[in-house]
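A.B. asks: requesting a structural model of the entry that follows:
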Amino acid sequence: MQHDQQIHATTILCVRDDEVVAMAGDGQVTLGHVVAKTSARKVRRLPDVGQDRAGVLVGFAGGAADAFALLERFEAALERSPVNLLKAAATLARDWRTDRALRRLEAMMIAADRSRTLVISGQGDLIEPDDGIAAIGSGGSYALAAARALRRATPLDASAICREAMTVAGELCIYTNTELVEESIASGGA
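C.D. replies: Residues are numbered from 1 along each chain as shown. This is a model prediction of the structure:
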């Protein structure tokens, strides 16, 4: 599932299978038409909170300061609902759409835990892909297409599909490079 809102500056891809949820992001930071950094970390594994919250991955596309502000809000929502990713994401999406200051933030997020993958946007969108594959950012369409083709045509696991599809996106999108950061967690099933 690729979201229509076009954020230039990155590509984030999340792929899940029966055993693993893998999320990868490229490292390129672009200021206008200039590459300012090649090794940024746009994918995070949030700290486990005991048995209540074991493994939440978050990836963001868009302005770095905006993404960090959203990440703080999302972590706060997760602290209030540590076992309910959907509730925390819905809270963030609602706040993002209705809060005057947050509404101006230009970013998108993918959040995933053992059982769900969610795309969250500033328009209040909260979308769970049917096939367990989600992509955002300027190279998101390339990564999504490559991941779906790899899933259908190869026996690769989620992590390998994530890496290969992100490499394809990095070869095609001028706002995406192939310096990848990947995080993964155990899946609760596809």
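A.B. asks: who touches whichever strand or helix holds residue 182?
C.D. replies: Per DSSP states H and E, residue 182 falls inside strand 181-186. With contact meaning C-beta atoms under 8 Å, 6 or more residues apart in numbering, strand 181-186 is reached by 19-25, 27, 41-45, 54-57, 112-114, 158-159, 162-163. Heads up, the C-betas are built off the backbone N, CA and C, glycines and all.
A.B. asks: and stretch 70-87, by the same measure?
C.D. replies: Taking C-beta under 8 Å, 6+ apart as the rule, stretch 70-87 contacts 44, 46, 49, 52-53, 56, 58, 60, 88-89, 91-92, 95-96, 102, 105, 107, 109, 111-113, 115-116, 118, 120, 126.
A.B. asks: next, the buried residues of that stretch.
C.D. replies: 70-71, 73-75, 77-78, 81-82, 84-85 (16 or more other C-beta atoms under 10 Å).
A.B. asks: show me which of those residues has the smallest pLDDT value.
C.D. replies: pLDDT is lowest at residue 82 among the buried residues of stretch 70-87; the value there is 72.
A.B. asks: restricted to strands, list the contacts of stretch 70-87.
C.D. replies: Residues of the contacts of stretch 70-87 located in strands (DSSP state E): 44, 46, 56, 58, 60, 107, 109, 111-112, 118, 120, 126.
A.B. asks: pull out the buried members of the residues you listed.
C.D. replies: Buried members of those, counted by 16+ other C-beta under 10 Å: 44, 46, 56, 58, 60, 107, 109, 111-112, 118, 120, 126.
A.B. asks: just the buried residues from the contacts of strand 181-186, in PyMOL please.
C.D. replies: Remark: buried members of these, expressed as a PyMOL selection using 16+ other C-beta under 10 Å:
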select buried, resi 20+21+22+23+24+25+27+42+43+44+55+56+57+112+113+158+159+162+163
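A.B. asks: circling back to that earlier point, format the buried ones among the ones in strands among the contacts of stretch 70-87 as a markdown table; extra columns: distance to residue 10 and pLDDT.
C.D. replies: Output for these, formatted as a markdown table (distance: C-beta to C-beta, whole Å; pLDDT from 0 to 100):
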| residue | distance to residue 10 | pLDDT |
| --- | --- | --- |
| 44 | 13 | 92 |
| 46 | 19 | 88 |
| 56 | 19 | 93 |
| 58 | 13 | 95 |
| 60 | 8 | 91 |
| 107 | 10 | 78 |
| 109 | 11 | 92 |
| 111 | 16 | 95 |
| 112 | 17 | 95 |
| 118 | 18 | 96 |
| 120 | 15 | 89 |
| 126 | 20 | 91 |
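A.B. asks: since that was my last question, I'll sign off now.
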